[in-house]
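Enquirer: Below: sequence and its predicted model.
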Amino acid sequence: MRRSFAFRLIFGFAVVGLGAAILTAVVVHLAFGSRFSKYVSAQQQNQARQFVTALSASYRQHGGWDSAALGNFYPLATMDYIQVDLVNNQSQPVWSSSSAGQGSSMMSPSMMSSVNLGPIERFPVMEAGKQVGIALLRLPETGPPAIDQAFLASVERLLVLASLGSGLVALLVGVFVAARVTVPVRALTRAAEALAAGQRSVRLLEGSPDELGQMATAFNAMADAVEAEDYLRSSFARDVAHELRTPLSILRSHLEALQDGLAEPTPAALSSLHDETLRLGRLVADLETLASADGASFVLERQELALAPIVKDAVDNFSGPFSEKRLLVRCNLAEVSVIGDPIRLRQVVSNLLSNAGKFAPPGGTVEVNLDVFEGWVRLRVSNDGPGISPMDLPRIFERFYRGQGVKAGGSGIGLAVVSGLVDAHGGDVTVTSEPYLCTTFTVRLPRISLGAHRIFT
């Protein structure tokens, strides 16, 4: 049968509390009983020495052993349940409590015989430094007297009651603790079940500073991440569908017009279809690159490489498009080395150059600078286009995001690809923009070395 965590917690508290109480009671009982037995034995030995001291005093007082005076010792021996046989140094009997008790009304021999006596113990009787006799004593071995036994029994009863009380207290504490602990645990369970069922808005209270509060904070952070991932997933799917819809609609309409004979397969029409096909190809390539950037730290083929030749080659590849817009390109490239994937870094530079050429006005300027700044390799790509609105700057690297009023074409994920690839290389990318003056994208990468030679183009 499945038992709840609260039941197990209460049961554990009860078992531990009761076990600790019983163990304490047993230890106390054993220690107390042992010490009490030693105490009783010491008392008996002390009584025996006192008895022998009294015998010595009687010998001194009467100048020897006096039968009448020794008879007075019978009540003392009787009260202490001691059997006394007094002999002289030649072991001849002098006095015995057994014979003295015959005919006495204080205690009959049968009553004395009901007490178990221990072995005979020899105690020399000394007077003035000389032995004047030997007291042969038999002390009770039945344990402590009745009053002492009653005291010991009362202590044992108190120990038993204390054990039961401790177990009850432990049970009550277990119930209280289990109630306090399992309330947030049950709340977490309900919240996790709701989250798994699709209720992304469920959250827990985070008032407690202990581990349970940290657990609630961690759950809320996880729920926030799941909700954000759901939003990104749906937004991504929606944006991809939107980006694919336009070229597919154009292709469909043109192809249907050709099929129905409403349009002729002229070179211009075929060129338009080809352009839309290229646009679809670029979009798919961007999506593949973006997916690679998400896991780039696992797929980068890193090596030590000089970055200036890669940048210069990328700039040369854009000479055609830049020339069509009559753009002036200025480069200032320092010879620096980084650890990275040359293909991915070339893609970063190409995306930045494509973005700069797209927004630079005809006859405008594109500047490319590569240097070392504050210990980082720094690549800056600038253009003198219309700039980026302050409202758009925080979102410029988001997937499929295009600023308000932007008329230039594109998939809207080129800068997201740049951000992902730069991050995979351990760097960062930022942007600054002054409308109609200058927009600059700055990439920083970990530095390997810096050369003094510069390449100007």
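Expert: Happy to help now that I have it.

Enquirer: Flag the shaky bits of the stretch 51-200 of the chain, pLDDT-wise.
Expert: 80, 101-115, 141-149, 151-152, 178-182 (pLDDT under 70).

Enquirer: now the helices for it?
Expert: 67-71, 73-79, 97-100, 109-113, 146-196 (DSSP state H, counting those that start in this stretch).

Enquirer: and of these, who's closest to residue 440?
Expert: helix 146-196 (43.0 Å; Cβ to Cβ). To be clear about C-beta, it is placed using only N, CA and C from the backbone, and glycine gets the same treatment.

Enquirer: so can I have TSV of the helices of the stretch 51-200 of the chain showing mean neighbour count and distance to residue 88?
Expert: Shown next, in TSV, are the helices of the stretch 51-200 of the chain (neighbours: other Cβ atoms under 10 Å; distance: least, Cβ to Cβ, whole Å):
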stretch	mean neighbour count	distance to residue 88
helix 67-71	13	12
helix 73-79	17	16
helix 97-100	17	16
helix 109-113	12	24
helix 146-196	14	35
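
Enquirer: Of all those, which one comes closest to residue 27?
Expert: helix 146-196 (10.0 Å).

Enquirer: Taking helix 146-196 as reference, get the angle to whatever helix or strand comes next after the closest one.
Expert: Using DSSP states H and E, the helix or strand that directly follows helix 146-196 along the chain is helix 211-259. On the basis of axes from the mean of the first three to the mean of the last three Cα atoms, to 10 degrees, helix 211-259 is oriented at 10 degrees to helix 146-196.

Enquirer: what packs against the helix or strand following helix 211-259?
Expert: Using DSSP H and E, the helix or strand that follows helix 211-259 in sequence is helix 267-294. Applying 3 or more Cβ pairs under 8 Å, 6 or more residues apart in numbering; DSSP states H and E, we find helix 267-294 packed against helix 211-259, helix 414-424.

Enquirer: Could you give the average pLDDT over the longest one?
Expert: Read it as helix 211-259. Averaging pLDDT along helix 211-259 gives 76.

Enquirer: sorry, back to before: export the helices and strands packed on helix 267-294 as CSV, with columns for mean neighbour count.
Expert: Output for the helices and strands packed on helix 267-294, formatted as CSV (neighbours: other Cβ atoms under 10 Å):
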stretch, mean neighbour count
helix 211-259, 14
helix 414-424, 22
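
Enquirer: Now distance to residue 125 too, for those, in TSV please.
Expert: Formatted as TSV, these follow (distance: least, Cβ to Cβ, whole Å):
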stretch	distance to residue 125
helix 211-259	76
helix 414-424	104
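
Enquirer: To residue 75, which of the ones you listed lies closest?
Expert: Going by Cβ to Cβ, the one of these nearest residue 75 is helix 211-259, 73.6 Å.

Enquirer: Could you identify the longest strand within this protein?
Expert: strand 328-340 (DSSP state E).

Enquirer: Out of the helices and strands packed on helix 267-294, which is closest to residue 265?
Expert: Across the helices and strands packed on helix 267-294, closest to residue 265 is helix 211-259 (Cβ to Cβ), at 5.8 Å.

Enquirer: Would you tell me which of the helices and strands packed on helix 267-294 gets closest to residue 55?
Expert: Comparing the helices and strands packed on helix 267-294 by Cβ to Cβ, helix 211-259 comes nearest, at 75.2 Å.

Enquirer: helices or strands up against that closest one?
Expert: Using 3+ Cβ pairs under 8 Å, 6+ apart: helix 211-259 touches helix 146-196, helix 267-294.

Enquirer: what separates that helix from the chain centre, distance-wise?
Expert: 34 Å (Cα atoms, centre = their mean, to the nearest Å).

Enquirer: That helix to helix 267-294, inter-axis angle?
Expert: 160 degrees.

Enquirer: Use 51 as the first number from now on
Expert: Let's use 51 as the start, then, which means that last one is helix 261-309.

Enquirer: Can you give me the separation between residue 463 and residue 449?
Expert: 5 Å (Cβ to Cβ, to the nearest Å).

Enquirer: So for those two, which sits in the more crowded spot?
Expert: residue 463 (26 against 20; other Cβ atoms under 10 Å).

Enquirer: who does residue 483 bridge with?
Expert: With DSSP bridges applied, residue 483 shows beta-bridge pairing to residue 489.

Enquirer: what about it, how many neighbours?
Expert: Using other Cβ under 10 Å as the criterion, the residues surrounding residue 483 number 21.

Enquirer: tell me the contacts of it?
Expert: 437, 438, 443, 489, 490 (Cβ atoms under 8 Å, 6 or more residues apart in numbering).

Enquirer: Looking at those, which one is closest to residue 310?
Expert: Checking those against residue 310 by Cβ to Cβ gives residue 438 as the nearest, at 44.1 Å.

Enquirer: So the closest one sits against residue 489, correct?
Expert: Yes - using Cβ atoms under 8 Å, residue 438 makes contact with residue 489 at a distance of 5.9 Å.

Enquirer: how about stretch 437-451: buried residues?
Expert: By neighbour count on 16 or more other Cβ atoms under 10 Å, the buried set for stretch 437-451 is 437, 438, 442, 443, 446, 447, 448, 449, 450, 451.

Enquirer: Widest-spaced pair of these?
Expert: Most distant of the buried residues of stretch 437-451, by Cβ to Cβ, are 437 and 449, 21.8 Å apart.

Enquirer: quick one, phi psi at the closest residue to residue 392 other than its chain neighbours?
Expert: With Cβ to Cβ, 6 or more residues apart in numbering as the criterion, residue 392 has its nearest non-adjacent residue at 5.4 Å, and that residue is residue 355. According to degrees, to the nearest 10, the main-chain angles of residue 355 amount to phi -150, psi 150.
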